[in-house]
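Engineer: fold the following for me, if possible:
(chains A and B)
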2 protein chains.
Amino acid sequence: MPTNPFLPALNRRALLSALAVLSATSGTLISGAARAADSVSPLPSWNDGPAKQAILDFIRVTTDPASKDFVPAEERIATFDQDGTLWVEHPIYSQLIFCFDRVPALVRARPALAGVDPFKTVLTGDLEKISKLPLHAIEVIAVATLTGMDVETFQADVKAWIAEARDHRWKKLYTELTYLPMQEVLTFFRANGYKTSIVTGGGQDFVRVYSERVYGIPRENVVGSAVGTKFGYDKNGKPFLTKEPKLLLNDNNAGKPESIHLEIGRRPRAAFGNSTGDKQMLEYTKAGDGARLSMLVLHDDGKREYAYGPAQGLPESKVGNFPQALYDEAKKDGWLVISMKDDWNRIFSFEDSATK
Amino acid sequence: MPTNPFLPALNRRALLSALAVLSATSGTLISGAARAADSVSPLPSWNDGPAKQAILDFIRVTTDPASKDFVPAEERIATFDQDGTLWVEHPIYSQLIFCFDRVPALVRARPALAGVDPFKTVLTGDLEKISKLPLHAIEVIAVATLTGMDVETFQADVKAWIAEARDHRWKKLYTELTYLPMQEVLTFFRANGYKTSIVTGGGQDFVRVYSERVYGIPRENVVGSAVGTKFGYDKNGKPFLTKEPKLLLNDNNAGKPESIHLEIGRRPRAAFGNSTGDKQMLEYTKAGDGARLSMLVLHDDGKREYAYGPAQGLPESKVGNFPQALYDEAKKDGWLVISMKDDWNRIFSFEDSATK
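Structural biologist: Take a look at the predicted model:
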């Protein structure tokens, strides 16, 4: 039995390699292409092409009562991976930065930790050193920063952090690093009666804090990795739930369709992902009857965002790994691959703010 | 680790005693009281009194923007136990009848089972004999009938059964044995912007099949006991999920608030239950800030439905046990107890059909 609550939020193997590139990342800020002129389109940040057309066609055939592929309202479920699909995941998952940022307060509460690794190393703030911590050390940090507290205290801490913390490259709030074209897809699906859910390898309790505000997705529609909680009473007899250091749901790979069944109970009609961790969700979605849409975001725009695969000759990456085999499966089984470079005329809402 | 998928759907101790009364149950059908004349009320099957008033007051203060207890739309979550709260649970849980009813088909597929207990005993159809099976035997039946199959096959089987099977007392479909006053509460809450969820010790996969049609509750809003599922591929490479004989969520007692956190992610504003299995959910709900409503259905109407407690001197029962201590906690902490006898002028929608 896995007992490590950290792993769902991270790709084990990806971790060290991701940390290794942290300090090498350049801070280049490239303005996006001019916004598409077509103000009638529900997807203005998308260039015309097969990816955009597939989305438009899917919505049309599944919502037109005269269509053979019409989908009744209650079956309109669309699921979206978060890291690398709805927001930036490079050079490292935002939730891991949150964990590191929590270490100083943890050490203030338990000063003896200051001299003990891995806390000592994280306290240096030296990302090069932090990147060399072994995986086990990262797990210790995660258990110490993501479990052991009351769930409402944790939510309040995430809320405060996400309102202030900024990324290293753009110096933006992490919530500003969501992809505008995908926000348009979320809105377009909902406008057509679809329930949109996040299905993330990241922590449910983490993402739920900001999902409504940032994505318009209520917290009960966030499915993610989760530790168990334990019901108990405080000294005044008031009940509360404590986050336990015990992995309940690992929402990666096969865990995605399994968690979709557990928390939603329906096979999605449409699913969006960007890496091997999403493969089974996309397969499960596409294997249903009638019209189904499975799409993968390919990070092929190193100027405006990041370029990684290794599919299509892109640089190798262990964070958000997208191998050629996944690309080939997508082509073979009729999934659509979204090229960030070619399909998106604008990536972030802040890109052209100077021209507004 | 518990590994028995049967237990969440049943109260272990309740089982034998429940089975024991099956054959002793009389088939009396008593017409309900005349329907309340007040056609303006959103709760026509409720008599005026503290229970009805508490519901009306709660909705008023939490939805009036001028009220200090106003609740924003996204926080309007109300949770409802099913067995004994939304529909009849005596003399035995409907899902267990489903399990027994599946045994003949199981034996046809595996004829060797016909001569082996407990299958042999269940095949006799003799409820007196079945009631004497030991708990372990019932668990064997449950594992055999609720796990091992693809989730979509299971859903189709439940759908077919629930459309045909009838109870022993009223000879009605089980879905007709829902409480009309509680259906009115569900509708009233939703009309006031509340999301209504079922939080049941019964199986999620079972209840989700009919929840939309019967209660207007979409399947993703059903939280219940659940076994794990396993993702795999059939011989043509098509992915599917198999129900595993491994208990993932036991949605009784402390498991209710824990599962609410897992699948909904918010403390409910209102919660309804009827037994000790709902105690922690009601405590958790009531302990939140602002206006909160916790209510318990007391089965004190042996003529129109069943009478059991043992609270308030009602007969002892292990199915839906409602002890005096729970009654006392309710009074002390400001929960409301609903008397089926006094608060409901009509229990079932079929009751006065003869007078229509």
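
Engineer: so residue A:340 is in contact with residue A:302, correct?
Structural biologist: No: under the criterion of Cβ atoms under 8 Å, residue A:340 makes no contact with residue A:302, lying 9.7 Å away. Bear in mind the C-beta positions are built from the backbone N, C-alpha and C, glycine included.

Engineer: which one's more surrounded, those two?
Structural biologist: More crowded of residue A:340 and residue A:302, by other Cβ atoms under 10 Å in any protein chain shown: residue A:340, with 20 against 16.

Engineer: who's in contact with that one?
Structural biologist: Neighbouring residues of residue A:340 by Cβ atoms under 8 Å, 6 or more residues apart in numbering or on different chains: A:297, A:298, A:299, A:300, A:301, A:304, A:305, A:347.

Engineer: now do residue A:100
Structural biologist: A:122, A:130, A:141.

Engineer: from the contacts of residue A:340, which land in strands?
Structural biologist: Among the contacts of residue A:340, the members found in strands (DSSP state E) are A:297, A:298.

Engineer: chain B: which of the contacts of residue A:340 is nearest?
Structural biologist: Distance to chain B across these (Cβ to the nearest Cβ) is lowest for residue A:297, with 21.2 Å.

Engineer: flag every residue of the stretch 101-250 of chain A that's near chain B.
Structural biologist: A:151-152, A:195, A:204-205, A:208, A:212, A:218-222, A:226, A:228-231, A:238-241, A:248-249 (Cβ under 8 Å from any Cβ of the partner chain).

Engineer: what subset of those is buried?
Structural biologist: Neighbour counting by 16 or more other Cβ atoms under 10 Å in any protein chain shown classes A:151, A:195, A:204-205, A:208, A:218-222, A:226, A:228-229, A:231, A:239-241, A:248-249 among these as buried.

Engineer: out of those residues, which sit inside helices?
Structural biologist: Mapping these onto helices (DSSP state H) picks out A:151, A:204, A:205.

Engineer: with pLDDT added, can I get those residues in JSON lines?
Structural biologist: Output for these, formatted as JSON lines (pLDDT from 0 to 100):
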{"residue": "A:151", "pLDDT": "97"}
{"residue": "A:204", "pLDDT": "97"}
{"residue": "A:205", "pLDDT": "98"}
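
Engineer: what is the nearest of those residues to residue A:270?
Structural biologist: Nearest to residue A:270 among these is residue A:204, at 21.1 Å by Cβ to Cβ.

Engineer: doesn't residue A:227 make contact with that closest one?
Structural biologist: No: applying Cβ under 8 Å as the test, residue A:204 and residue A:227 come out as separate, 9.2 Å apart.

Engineer: can you map out the strands along the stretch 51-200 of chain A?
Structural biologist: A:77-80, A:195-203 (DSSP state E, counting those that start in this stretch).

Engineer: just checking: what are the partner strands of the last one?
Structural biologist: What that stands for is strand A:195-203. strand A:77-80 (parallel), strand A:222-233 (parallel) (DSSP bridges).

Engineer: which one of these lies nearest to residue B:181?
Structural biologist: Of the strands paired with strand A:195-203, nearest to residue B:181 by Cβ to Cβ is strand A:222-233, at 29.3 Å.

Engineer: what mean pLDDT does that closest one have?
Structural biologist: Mean per-residue pLDDT for strand A:222-233: 97.

Engineer: now it: how far from the chain's centre is it?
Structural biologist: In terms of Cα atoms, centre = their mean, to the nearest Å, the centre of strand A:222-233 is set 19 Å apart from its chain centre.
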